[in-house]
Structure formats: structure tokens, C-alpha cells
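**Student:** Here is my input; please provide its structure:
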Amino acid sequence: MFLALMVAMASCSTQEVTPPADSPITVLKSPNDAREYRYLELPNRLRVLLASDPSVDKAAASLVALRGQNHDPEEFGGLAHFLEHMLFIGTEKYPEVDAYQQFIAANGGSSNAYTAADHTNYFFDIHPDYFPEALDRFAHFFINPLLDEAYVDREKNAVHSEYQMQIKDDGWRGYSAMKAVMRSEHPGSRFHIGSLDTLGDGVQEALHEFLETHYSADQMILVAISNADLDTLEAWVTPIFSAIQDRDIGAAKPMPTAFREESLPLVLTYQSLKDTPVVVYNFPVPPTEPHYLEKPGIYITNLLGHEGEGSLHQHLKSAGLIESLGAGENRLDDRNAFIYVEMVLTEAGAAAIEKITGALFAYINLLRNSPIDEWRYQEQARMAELGFRFQEPSTPSGFAYRVGPLLAHYPPGHVLAAPFLMERFDPDLIRSYLARLTPTNLFMEVVGPNVETDQLEPWFLVPYRSNAFDTSFATPEIPELSLPAPNTFVPQSLDLLATDDQGPAKVVDSPTISLWLDQDTQFGAPRANLYLTLGVEGGLSDPDDYVMAQIYQRLVSDARNELIYPAYLAGLSFRLNASSRGFELHVGGYDDKQPALLADVLNGFTSLALDPAKFALYRSELIREWGNFSRERPYTQTLSSVGHLLVEGRWPPQRLADALREKTLDDLERWRDERLTALTARGLLHGNAGAPDAQAIAELLTENLALGAFPLHQPSVTNVSEPLTLELDIDHADASIALLVQDPDSSFATRARSALAVQLLRQAYFTSLRTEQQLGYVVALSNRSLQHRAGLTFIVQSPAVSTAVLQQATEAFMKAQIQTVQAMSEEAFEQNKAGLIARLTERDKNLNQRSARYWSDLHLGVESFDSAQQIAQHVSKLDKDTVLKFIRDAERRLKTERLLVFNRGRFEEAPSGGRTISDIDAFKSPPG
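**Tutor:** Numbers count the residues shown, from 1 in each chain. Next up is the predicted model:
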């Protein structure tokens, strides 16, 4: 096939990559994209996209096998997912069980995989010097995997642990409830995670059969990116990946429809564990990928999900019926997709679903009875054009694993541009999709903790009920509903300033405002980021203080939402959060309209009219959110509790919920009068902005806020100088631990020793506790920082053993690793050291990444903005004896100076040793 895809975007400036003489495909790319691309097919018909970027300091690859959960044999539910696990555990050429992961980790990389309905995606990144060998190790997953019977039984336990971990996750529960009402002929109706029951006798043979039946080069896609040139990349991948067998399996069979026509309209009602009532209106439609040049779904969902004046969101929110509303497209497979509208309900909304349904169809009728406006389409196309034109590079790993699946749905020449292309305004096509948004073509989900049910889903034990949707409801006339006006935030000026190459410099330095500026257009986009801390004197000192700030920021954001949402659609972002210092504000995106947005947000910031109904709404919303934290996965709760316990200005969510429950509107007014009479401001302006812009921001702050001259509060971190233990009561059968051995101090030299220790130990910890001992699916060792203080953090969640066993296994691991590291060759030590330095000194890939790095450093008082580089310099000077001494000390302090947070799960035995923390408030506020 010699079809060159040379289509230029009608409304979009693009750049075409000139292919080599023997290539039939031209890859369309952004004018802001300096990478070079090549698409080719190997002799075994494996499709390949190569990307060359001399500026990257990581190489990455992804291989997508176009088979997934939907291709499980009926008798082995979860087999595709199980095979994904098994391919990591040894190949004929590289038989050691953790050889691949150890090689990747030692050389500054990471690896992972996921199994979706119609594909399985394997991906990794690594230092470019080791990319050729990594590709060879990776390719042998698919050439000659061992599928070692000795590890089949062990890895079944890992899959089962993953299933048990998800069993109380509301997302998985809802997905499983939907499976219960899908047509039984659709494979999506079956259980696909895998368990000890579904992966039983005969699974070894089934793995080999699945591999030979469903893994074939003609149904695989490889994406590889490196700093090497395209010819070199092609020379690397061609011989290696051509060795994958072409079994000529062809495209997967088309899926049946997910629901029988006669089963719709259908209402699925199921119980959630979290107290979050939700209603979702799913309208089955054909997938829109074949219409990627027209994007009919984008036109419709943009209007359904709008939050501005006259929107469905505004109508329902002002009536106190919803907390949020979102609309979008959800692709299930090649045959099935939904246009959906999802709403998180208030307590009043949960009791008024029929009224909400009527309002939704009133808005749909408004869409149906209104012209399909070309100007609206072109406004959306304009933003898509700008998004593509000023697209900034993603990380190599992000690029590789994201683009691979796209090649299954779009022509290779358009694979980079397809998500942005809006070339063809087709009102008839839009109307054909809009015509499917009817009461008779509806799969509706009603979710809440107290809904009435009459059946039990077997795999996740979800109580549910299914019944026909009553189409006789009334669709009211709602005069205040209207379609949005033209968006005034669409950027006009796209001029780029010169980059000053100086890094951040303080350009405003007064007693009340400190503002740093970095005029930086290296990434070629007219965007900027503004970060501001608006500090209250002394910080938010207790839970009562903190919850007042939280509810106040919700009210401020709500009051500005009808302005903020059009700005969001025009490529701007706004975020306001409460923190231990006061408030954190971020404005990002195209710089042209940022001053207008910031002025709107700051205007009346401390004199907001406080509405009693809105106060009650957001008080209820926050109490529910904080209460729902108790339904998070055990390891999430234990890990978060480490910060709640040790960091000043953080508290357990339930403590916050209890504090807010007693608050009134009068309390909030008094708090504002006392706490917001003076704020101090510290900020960072980074990107396509200059000194005049920084001065204008300072003027806006001065005009709109009462500013005070006092130091910005710096939260402290409690020193762990004894063995401490905190037990959590979590409603989950799994046991979990989060075990912190805090660094002795926060110096860069100590952080370097700690980081290198984790670099040497983390993969071995995973291999020992998960792969070898099969203690749990979640096993991790990290160098997590709390504010300025890092440490070794061990995390395990287990359905198999008690927390006492997890504690003992961790202590035994650390003891054994002293000898392992002692015996490590200098070559291996230096390799790990180089891998860590490479990770610490990676170049920023885009503006947002650099802005976040700057702001993190400024937040911690590192005004040189180079903390990672300083740590890397200290790492470069370390020898093995120094790190070994650090590891020995950490092993000792596992018993004498550590914090252990745990939940027992279904086990009686608890960890031993240490002072038990029974009152968190008392611990955080010691006498004196």
C-alpha cells in the first residue's frame, strides 16, 4: 500500500515529516514538535512507530498486543491479565525471575503494563545508553517467554491479591454491576481480573494456548523513542522484533452490541460503599473514531457538560440538586460506545432523580431544536488547533504508552494529530448522534449507599437491581436553559517573548509580596503558570481553622465558576486550594487572558457574599468527602496517615469532618473577619510573561486584598526518635502497613544517601515480598518526602498474611540486604548510582513540569531552584561503604526509631513493639 496520508488540517497549522524514500507514510506533527518520526512495518507485519529526539534523556518503548480481556476463554476468566503478569517473569534468553525489572531499575528506568478490554500494553523507560539491551530483553517477552510452572502458582496469588485489593473499590464494583446486566453473549459481561478460582487447574496449558492463539506480530504495535537517529532506531528494532512470530491471527472478531435492543431503556441501581450518590445517563452510540475528522461527539458533549450561564449544570447546581456534572464519550470496544452525562448528587438530588432526568431531557430537546451552529464547531476547532499547534513534548514513556493504542484506531499518518483534528463540519452527522439521545435508548445508572436492591453480583458482592426505565416522565419547559454565548476567553495574542535563560529571579520584593519570575519560552508555546500562596499569619493552626479555609475556598470557586468554565474551555486553568499556610492559587494556560481571569478571581476575594444555602451545600459535600476517605484502599489510608500524623497542618479526614460538622455560617463570617484581614503573598510567574506582567499581578493583589507584613508559615515535621505505632480501623479484609524510617536530617547530603539506598533496595523488596513470598499485590519501597524530610517508606497490602508477618518480612529483608549490598560489585553499584543521577537530572519535558519543579523548590525555601541537582551532586560523591552504613543504620532504626501505621484486616495478629498512638490530637500537640 503506497497511500501517503498528506491531509493538511483545514483550520490548523501543521508540519509534515518527510519520509525516507522507501516509506509510504508521512506522519503529521505539530509545528512545535522537533521530534522526527518514521512509521514502518517489519517483515513479520508488526507495525512500528519510531521517534527520534536528541533532547531526551530517557528512551522508552511500548508494545501493544491487540488482544485483551474480551478474549479470555470462558473457562479461564482473567487469563489475558494473568499472561500480562507472567511475561515479566523470565524468558529463555534472560531466565532470571527479576532480571528484566532489575536491569530497568538499575539504569534509571521504570516498567509496567495494563490489560484493557481489547488490548494489552507493555511499556518501559530507561537511560538511553541501555536502550538497545532493554529492547532485546523486552522483545523476548514475546519471542520465548518461559511461563515457568514454578511461578504460575505464585503469580496466581499476585493476581488474586490484585482482585482482593479492588473488591471494595467503588469503580470496580460499578463496572462489575454493569457486567451483570450486559447481554451474556458479550465477553465484557464476564469476570476479567482473575482469581484463584478462575485460574485453576489447567491454567499452565491455557497460558500457552492463549499466547499462541492471540499474541502474533500481525496484531502488535511497537512504539520506540530515543535520542538516537531514526536509522539507528530502525536498525535496533528490526532484527529483534522481527523475531516475534507472525501467526497470521488477523483482526479480532467484531463484538456484539453490549445491550440487546429490547433490553433498553434500562435502569441499573446499585449500592456504593462511599457516600457519594451518582446518576449516570449512558446513551449507546457507535464509536466516533471513524469520524475523527468531524468529531460529532465533541460538539454534543461540550454543550451537555457546559457549566456557564444557561447551562444544565448551572440550573441543577443553583437548585441544590447536584455537586458536579460531566459529559463525555466512553468507548467500550469496536462496536460499542456511550455518550454519557454523569452527575454527583446532593442529598436533595438523590431524592429528586425524576426531576433531574426531566431537566436533562429538556436540555437535550433544546439542543435538538436549535441549529447546529458552525461558529460553535469552529470555536471548538480553534481550541483544538491551538492545542495541536502549541503542543509541548510529553515524557518519552508517556508518549510511548499513549500512542501505541492510538495506532489501532487511526491511520498512522494521523496518529499524532487525530485527537486534535476537526476539519469537517457535518451537521447531519452531529444530528445523527444527537438523535440517539432519547429516553428509549438509555442505560441509566443510579448509585448510592442506601438505594433499594434485590440481587447480588457474585464477584464483588454488589447489591443491585435492574428494571425498565419509565419513559412516561414529564419533560418540563425550563426558560432559563440556553446555549452558551461565544467564549470571550479564546486567546487572541499568541506572540512569544524572548527567553531570558536566567532562571527564576525575584522581581517583586516588598514586606507583603514576594514574586519570582522566569521569562521562559523554550517550549515554544504562549503559555504561562502563576502560582500564589496567600498566607494567613501563623498558618492554619488547627482543624477548626483548616476546615473554615476549605469551605471558604469552595464558596469562592463556586461564585466564580460561570467565568472560570469558559476560561477552562479556552485553554486556561484555575485552581484554588486551602493549605497549612492559607490558600494556594494556580492560574495556567494561554497567557493572553490570564490577567482577566486573575482579576475576576481576586475581585471580592475577602468580601464574598456568603449564601446560607451554598454554605450548607459545601459543608455537606466536604463532610461526605472526608468521610469517604475511610473507604479508600487500606494502603492508601495507612500511607496517608503517616503525613497526617507527622506534618504540621495536616489532620485525618474524619477529624476534619467532625470539626466542620459543628460549624455555622456565623462561624465562617467570624473566621473571615479574624483571619483574612491580612494576607501575605508569595508567588512564581513562569513562561510567556515578563516583568510588566509580574508588576501587574502585584498591583492586582494590592488592589483586591488586605496585605500584611509577616513571614509565611513553614510547616514543621515531627521527628521520629522512638518506635511509634498507629493502628487504623479499616473495613477491609486485607492487612496493610506503611513503615517509615525517617532520614536523620533534611540536608541534601542525607537525602542523597537515602535516595541511593532506595535505588539499591526497591526492586529487591518487590521481588522478595511479592514475587518470591507472595505476600501481596501492593509492595513498594520509596524515598518519599514529607515537606523537606525524606525517609525509607515501606508499603505492603496483603490478603494473605497479618501485619505482624509483613513487619517481620520487612525487617528480615533489610537484614539480608546488608550482606547483598556488601557483596555487590563496584560495577553494579556504579550502574545504580548512574541510574539515580540520570533520573534526578532529567531535563524538564514541558512548561508545566518545569513550573511545578520551581514551585516545589520555592515552597520548601530552596531559592536556588536546584534541589534535585544538588542531591545528584551528593550522590555522585557517594561510595558503597557510605551507603552501606546508611542501610545498616536504617535496619537498626526499623526497631528503634520508626513509625508503623497498619490495619489488621481479617487477621488477629498485630505488629509488635513501640509506643502506641491512641490520640492523634494529643500526639500532634504535646504538652508544653
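**Student:** Residue ranges of each domain in the protein, please.
**Tutor:** Here the domain parsing of the chain from automatic domain parsing is 32-241, 261-374+420-468, 505-634+652-704, 724-924.
**Student:** Could you dump the ones you listed into JSON lines and include mean neighbour count and distance to His644?
**Tutor:** Just so you know, the C-beta spots here come from the backbone N, C-alpha and C atoms, and that holds for glycine as well. Converted to JSON lines, these look like this (neighbours: other CB atoms under 10 Å; distance: least, CB to CB, whole Å):
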{"stretch": "domain 32-241", "mean neighbour count": "20", "distance to His644": "21"}
{"stretch": "domain 261-374+420-468", "mean neighbour count": "18", "distance to His644": "19"}
{"stretch": "domain 505-634+652-704", "mean neighbour count": "19", "distance to His644": "5"}
{"stretch": "domain 724-924", "mean neighbour count": "19", "distance to His644": "7"}
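**Student:** So which residues of the stretch 251-400 of the chain form helices?
**Tutor:** Along the stretch 251-400 of the chain, counting by DSSP state H, counting those that start in this stretch, helices occupy 296-304, 312-318, 347-350, 353-369, 374-389, 396-406.
**Student:** quick one: average pLDDT of the longest one?
**Tutor:** The average pLDDT within helix 353-369 is 97.
**Student:** Same question for stretch 533-546.
**Tutor:** 95.
**Student:** Quick check: end-to-end length of it?
**Tutor:** One end of stretch 533-546 sits 15 Å from the other (CA to CA, to the nearest Å).
**Student:** close enough to count as contact, Pro476 and Phe361?
**Tutor:** No - applying CB atoms under 8 Å, one finds Pro476 not in contact with Phe361, separated by 9.2 Å.
**Student:** and the gap between Val403 and Arg137?
**Tutor:** When distance is defined by CB to CB, to the nearest Å, Val403 is 22 Å away from Arg137.
**Student:** Then Ala596?
**Tutor:** Taken as CB to CB, the span from Ala596 to Arg137 is 53 Å.
**Student:** repeat for Gln594
**Tutor:** Counting by CB to CB, the gap from Gln594 to Arg137 is 46 Å.
**Student:** next one: Gln637
**Tutor:** Remark: distance between Gln637 and Arg137 (CB to CB) = 36 Å.
**Student:** again, but for Ser394
**Tutor:** 24 Å.
**Student:** quick one: low-confidence parts of the stretch 351-500 of the chain?
**Tutor:** For the stretch 351-500 of the chain, no stretch is flagged by pLDDT under 70.
**Student:** Next secondary structure element downstream of the host helix or strand of Ala780?
**Tutor:** Using DSSP states H and E, Ala780 falls within strand 778-782. Next along the chain after strand 778-782, taking DSSP H and E as the criterion, comes strand 791-798.
**Student:** helices and strands around that following strand, which ones?
**Tutor:** Judged by 3 or more CB pairs under 8 Å, 6 or more residues apart in numbering; DSSP states H and E, the packing partners of strand 791-798 are helix 149-166, helix 634-646, strand 735-742, helix 748-766, strand 778-782, helix 803-823.
**Student:** and the last one, what's its mean pLDDT?
**Tutor:** Over the span of helix 803-823, the pLDDT mean works out to 97.
**Student:** okay, the angle between it and strand 778-782?
**Tutor:** Helix 803-823 runs at 50 degrees relative to strand 778-782, counting by axes from the mean of the first three to the mean of the last three CA atoms, to 10 degrees.
**Student:** for helix 803-823, the distance to its chain's centre please.
**Tutor:** Relative to its parent chain, helix 803-823 has a centroid offset of 32 Å by CA atoms, centre = their mean, to the nearest Å.
**Student:** How about the shortest one?
**Tutor:** Centroid displacement of strand 778-782 relative to its chain, using CA atoms, centre = their mean, is 18 Å.
**Student:** Looking at it now, give me its mean pLDDT.
**Tutor:** For strand 778-782, the mean per-residue pLDDT is 96.
**Student:** Can you show me the CA trace of it as PDB?
**Tutor:** Taking Å, rounded to 0.1, in the frame of the first residue of the first chain, the C-alpha atoms of strand 778-782 are listed here in PDB:
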ATOM      1  CA  VAL A 778       0.900  -3.900  46.500                       C
ATOM      2  CA  VAL A 779       4.600  -4.000  47.600                       C
ATOM      3  CA  ALA A 780       6.800  -0.900  47.400                       C
ATOM      4  CA  LEU A 781       9.800   0.800  48.900                       C
ATOM      5  CA  SER A 782      10.100   4.600  48.200                       C
END
